[in-house]
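Novice: Below is the sequence, then the predicted model.
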Amino acid sequence: MAFNKGQSGNPAGRKKGVTFTEKLKTALEPEIDGIISALVTQAKMGDTAAASLLISRVMPTMRPVQEPVKVALKGDTLSDKAECIIDAVASGKLSPMDGKSMLDGLGALAKLKELEALNSRVSALDRMPTRIERVIVDPRMMIDVSDV
């Protein structure tokens, strides 16, 4: 069986136009205030399903929030700062998870500093004057391009 362009493979299927969801939204729209009021009333009376439905649709999911951690990072180098973090973990002042997070951040900072140094070195190379004195086209012939 070959399919013809523009012809449905299932002519008895659902017709184009309004879907069930659109019909349901249209039907519920004038009643939505009453439905919400009824759900709130039921939730206040102890209906946990109504309360759960209201809360899940209105409030965002609660996620744990971590308290900020204060660790004195002494030293001038990133290695010195990493040692301070490891010492804080070893002494129990900092949890291993917090220590790992801080060391990961320190590693990311080290990469950024490395990229900045590399970028400044490349920029310095780009600013250097380049001049080709002679170009060898043929081993028997030399072309002087110093005036170019």
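Specialist: Okay, I see it. Numbers count the residues shown, from 1 in each chain.

Novice: Confirm that Lys25 lies within a helix, as I assumed.
Specialist: Yes - secondary structure of Lys25 (DSSP: H, G, I helix; E, B strand; the rest coil): part of a helix.

Novice: Please work out how many residues are found near it.
Specialist: Here the number of neighbours of Lys25 (other Cβ atoms under 10 Å) works out to 11. Backbone N, C-alpha and C define where each C-beta goes, glycine included.

Novice: Over to Ala88?
Specialist: 20.

Novice: What sits closest to it if chain neighbours are left out?
Specialist: Leu94 (3.9 Å; Cβ to Cβ, 6 or more residues apart in numbering).

Novice: got it, and Ile35?
Specialist: Per Cβ to Cβ, 6+ apart, closest to Ile35 is Leu28, 7.0 Å.

Novice: what kind of secondary structure is the one you found in?
Specialist: In three-state terms, and counting by three-state DSSP, Leu28 is helix.

Novice: now it: how far from Gln42?
Specialist: Here Leu28 is placed at a distance of 17 Å from Gln42 (Cβ to Cβ, to the nearest Å).

Novice: if you count what's nearby, which of the two comes out ahead?
Specialist: A side-by-side neighbour count of Leu28 and Gln42, using other Cβ under 10 Å, places Gln42 first with 16 against 10.
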